[in-house]
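Peer 1: How does the following fold in three dimensions:
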Amino acid sequence: MIGIILTGHGDFASGMYSSVKLIAGEKENFICCNFPDGGSDEDLMHEIEQAIEELKVNCEGVIIFCDLKGGSPFQKAVMSAVKSQGVEVIAGSNLPMILEVTMAREFIEGLEELTVMAINIGKEQIYRFVKEERKEKPETKGGI
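Peer 2: All right, here's what the predicted structure looks like:
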């Protein structure tokens with residue numbers, strides 16, 4: 001199984017995981033690393049590194065999902081991944097990608113395959129609803 005770490009600013013990680021649990025139930029080998037207001041970069045880095053080590057005991061690899069590319073959680077995730085084999089980092093995470101990978105990892109064991117799947121699902125689930133004007137029915141003469 002591939003382990004999952006979810007990190008981001010504020011309560012992004014625990015908030016997103018709360019949605020995962022609501023939809024798919026409690027998940028094993030899934031760790032949230034929040035980065036609260038006033039939290040230190042060093043504490044976050046230590047928390048992510050600890051999570052990687054914990055997951056690698058039972059998992060063949062780890063995917064770290066981050067909220068924003070370039071933010072502190074992303075930077076610390078990348079720095080932690082560089083130090084450890086079998087760790088992928090994805091920024092711009094959304095609920096559909098996290099949910100799908102969380103469920104698919106029970107059947108797909110390849111770290112790279114799950115990472116590519118996450119990115120594809122994330123892109124596919126971005127959608128813009130466009131409201132179209134209703135066309136009025138033409139008036140009919142003569143009752144029909």
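
Peer 1: measure Glu26 to Thr102 for me?
Peer 2: For Glu26, the distance to Thr102 (C-beta to C-beta, to the nearest Å) stands at 11 Å. To be clear about C-beta, it is placed using only N, CA and C from the backbone, and glycine gets the same treatment.

Peer 1: quick one: which of the two has more around it?
Peer 2: Just comparing Glu26 and Thr102: by other C-beta atoms under 10 Å the higher neighbour count belongs to Thr102, 26 against 8.

Peer 1: Please name the residues that touch the more buried one.
Peer 2: Thr102 sits next to Ile4, Val20, Ala24, Lys27, Phe30 when contact means C-beta atoms under 8 Å, 6 or more residues apart in numbering.

Peer 1: Let me know the helix or strand that it is in.
Peer 2: Taking DSSP states H and E as the criterion, the element that holds Thr102 is helix 95-104.

Peer 1: Just the buried positions in that helix, please.
Peer 2: Met97, Ile98, Leu99, Glu100, Val101, Thr102 (16 or more other C-beta atoms under 10 Å).

Peer 1: low-scoring pLDDT stretches of this protein, where are they?
Peer 2: Residues of the chain that meet the criterion pLDDT under 70 lie in 138-144.

Peer 1: hey, which strand is longest across it?
Peer 2: Using DSSP state E, we find that the single longest strand of the chain is strand 2-9.

Peer 1: For the very next helix or strand once past that one, what is the distance to the chain centroid?
Peer 2: Proceeding N to C from strand 2-9, the next assigned helix or strand is helix 12-24, under DSSP H and E. Distance of helix 12-24 from the chain centroid (C-alpha atoms, centre = their mean, to the nearest Å) equals 10 Å.
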